[in-house]
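Visitor: The following comprises the amino acid sequence and a computationally predicted model.
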Amino acid sequence: MSKDLSLTTKDKTTKGKGCSNDNHQRLSAGVEDKEMDNLRKWFSDKLALGLGNKDLMEKPKVLHTLDLDGIVDYIKSGNVKNIITMAGAGISTCNHNRVILGKYKLTGFVIWLFIFTAAGIPDFRSPSSGLYSKLCGFDLPYPEAIFEIEYFRKHPEPFFAMAKELYPKTFEPTPCHYFLRLLNKKGLLLRHYTQNVDALERVAGIPAEKLVEAHGTLHTSRCINPECREEYDRKWMTEKILADVVPRCEKCKAVVKPDAVFFGEPLPERFRLVEEDFPNCDLLIILGTSLVVQPFASLVDRVPPRCPRLLINHEEAGNEDPVMVVLGFSCGLQFHGADNFRDVAWLGDCDEGCYLFAEKLGWKDDLKSLIENGCQSEAIPTVESGATGST
């Protein structure tokens with residue numbers, strides 16, 4: 001490591017506390033220290049970590065202002081053709097349920113569980129829950145085992161016992177879901193990537209080809225026998241769950257599992273669309289997610305270097321990692337500091353954010369019409385199989 005590089009690091013440590021967003025100076029790459037430049041390039045190529053410092057030196061003027069108005073002006077400019085949206089549990093749960101979700105460590109387990117807590121059900125792991133005592137009869141090694149594929153293959157009963165108690169009676173899209181559909185109606189939505197398994201995007205009328213359900217879906221279920229894999233719709237699965245029976249394949253009698261991703265299973269094949277979608281993105285909108293579950297969280301770094309990124313969430317998420325900043329990479333969202341030229345955070349309720357966004361875009365009446373006259377809430381007993389409608 002060069003002498004100059006060491007001095008820069010020392011000065012930064014002396015003047016501030018750690019690597020503050022407002023005061024840190026990025027290390028210059030590729031001029032005096034070839035080894036560091038090569039190291040950054042190697043990491044970037046191997047790990048898809050995004051831009052190095054050299055790519056950001058120009059600080060282009062992408063947005064007029066780093067706020068929602070700046071994003072609105074950018075869309076109205078006519079330069080936006082391919083919007084990618086990313087969403088988490090925050091777009092499907094009410095304020096009460098966000099409190100419930102806040103009790104959990106945000107892992108893939110929470111993403112699976114949120115669909116049940118969206119119905120206002122207490123934590124099933126709490127001894128005060130009647131469901132807890134019911135599950136105790138199954139002698140679980142630990143509560144999360146319910147969502148592990150190897151445990152499920154041998155012992156599917158605990159999962160379906162929980163599913164019967166917590167399964168929502170209706171699937172009702174939120175204004176956020178209808179805003180996503182509106183983006184598609186306007187011809188701007190390239191793809192919607194969701195961590196949620198509730199299939200509310202489908203219920204809201206977003207075409208299946210526009211969706212990547214990163215953690216799977218409750219919309220369909222399949223036989224776990226690898227030689228069979230017969231598919232069943234949600235109506236069939238719901239009838240079995242409510243009848244308090246373990247769903248069995250009508251062809252081979254093996255257990256049928258919802259297509260939500262369990263621990264130990266690979267992500268859906270459609271997740272590979274990341275490779276072709278994100279390089280073509282000209283605006284990334286992130287809704288209701290803490291951006292901590294990988295590999296979903298890292299997708300924010302897959303868009304082009306000058307692509308604006310908007311977060312609509314209760315709190316900031318996906319903030320740039322100071323360690324990666326020291327290495328010269330731009331990894332994560334950067335809302336503060338002189339280096340930011342494209343990242344915007346609107347903090348508050350996701351539905352309110354989407355209402356405001358639509359109003360500023362001049363789409364208020366369009367969104368209102370979709371909510372009032374679009375797809376009605378979907379009652380489980382009458383669910384049809386396949387994607388819901390078209391836009």
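Guide: Structure's in. What do you need?
Visitor: ok, the residue lying closest to Tyr355 once chain neighbours are set aside - contacts?
Guide: Counting by Cβ to Cβ, 6 or more residues apart in numbering, Tyr355 lies nearest to Pro175, which is 6.2 Å off, once chain neighbours are set aside. For the C-beta atoms, the positions are set from N, CA and C on the backbone; glycine is no exception. Residues near Pro175 by Cβ atoms under 8 Å, 6 or more residues apart in numbering: Asp351, Cys354, Tyr355, Leu367, Ile371.
Visitor: Show me the beta-bridge partners of Thr194.
Guide: Ala87, Glu213 (DSSP bridges).
Visitor: before we move on, the earlier item: what are the phi and psi values at the residue nearest to Tyr355?
Guide: phi -50, psi -30 (degrees, to the nearest 10).
Visitor: gap between it and Ser77?
Guide: 25 Å (Cβ to Cβ, to the nearest Å).
Visitor: just Ile241 next, same as before
Guide: Distance from Ile241 to Ser77, by Cβ to Cβ: 49 Å.
Visitor: More neighbours: these two, which one.
Guide: When neighbours are counted by other Cβ atoms under 10 Å, Ile241 comes out ahead of the other of Ile241 and Ser77, with 21 against 9.
Visitor: Tell me who's in contact with that one.
Guide: Phe160, Ala163, Lys164, Tyr167, Pro247.
Visitor: I figured Tyr151 hits Ala145, correct?
Guide: Yes. If you go by Cβ atoms under 8 Å, Tyr151 and Ala145 touch, sitting 4.5 Å apart.
Visitor: So which of the two has more stuff around it?
Guide: A direct count of neighbours by other Cβ under 10 Å for Tyr151 and Ala145 places Tyr151 higher, at 20 against 16.
Visitor: that's a helix at the more buried one, yeah?
Guide: Yes. Looking at Tyr151 with DSSP: H, G, I helix; E, B strand; the rest coil, it is inside a helix.
Visitor: Need the pLDDT of it.
Guide: Model confidence at Tyr151, given as pLDDT, is 93.
Visitor: Quickly note the distance from it to Val245.
Guide: Applying Cβ to Cβ, one obtains 19 Å for the distance of Tyr151 from Val245.
Visitor: Could I have the CA atoms of the host helix or strand of Ile285 written out in PDB?
Guide: Using DSSP states H and E, Ile285 falls within strand 283-287. This file holds the C-alpha atoms of strand 283-287, laid out as PDB (Å, rounded to 0.1, in the frame of the first residue of the first chain):
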ATOM      1  CA  LEU A 283     -35.000   4.100 -12.500                       C
ATOM      2  CA  LEU A 284     -35.000   1.800  -9.400                       C
ATOM      3  CA  ILE A 285     -37.900   2.100  -6.900                       C
ATOM      4  CA  ILE A 286     -37.500   0.300  -3.600                       C
ATOM      5  CA  LEU A 287     -40.600  -0.100  -1.400                       C
END
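Visitor: what about the helices in the stretch 251-391 of the chain?
Guide: Using DSSP state H, counting those that start in this stretch, the helices of the stretch 251-391 of the chain run over 274-277, 322-326, 350-361, 364-373.
Visitor: List just the one of these that sits closest to Arg181.
Guide: When these are compared by Cβ to Cβ, helix 364-373 sits nearest Arg181, at 6.1 Å.
Visitor: Compute the mean per-residue pLDDT across that closest one, please.
Guide: 92.
Visitor: now it and helix 350-361, what's the angle there?
Guide: 140 degrees (axes from the mean of the first three to the mean of the last three Cα atoms, to 10 degrees).
Visitor: CA atoms only for helix 364-373, dumped as CSV, please.
Guide: Presented in CSV, the C-alpha positions along helix 364-373 are these (Å, rounded to 0.1, in the frame of the first residue of the first chain):
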residue,chain,number,x,y,z
LYS,A,364,-53.9,10.7,-8.7
ASP,A,365,-57.2,9.9,-10.5
ASP,A,366,-55.7,7.0,-12.3
LEU,A,367,-54.5,5.4,-9.1
LYS,A,368,-57.8,6.1,-7.4
SER,A,369,-59.7,4.5,-10.3
LEU,A,370,-57.5,1.3,-10.1
ILE,A,371,-58.1,1.0,-6.4
GLU,A,372,-61.8,1.5,-6.6
ASN,A,373,-62.6,-0.3,-9.8
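Visitor: Buried residues in it, which are they?
Guide: Residues Asp366, Leu367, Leu370, Ile371 are the ones in helix 364-373 that count as buried (16 or more other Cβ atoms under 10 Å).
Visitor: just checking, Asn82 touches Leu183?
Guide: No. Contact between Asn82 and Leu183 fails when scored by Cβ under 8 Å: they sit 10.8 Å apart.
Visitor: between the two, which one's more packed in?
Guide: Leu183 (25 against 16).
Visitor: My read is that that one contacts Leu189, right?
Guide: Yes. In this structure, Leu183 is within contact of Leu189 by Cβ under 8 Å, at 4.2 Å.
Visitor: intersection of neighbour lists for these two?
Guide: Residues touching both Leu183 and Leu189 (Cβ under 8 Å, 6+ apart) are Ile83, Thr85.
Visitor: Brilliant, that's me finished.
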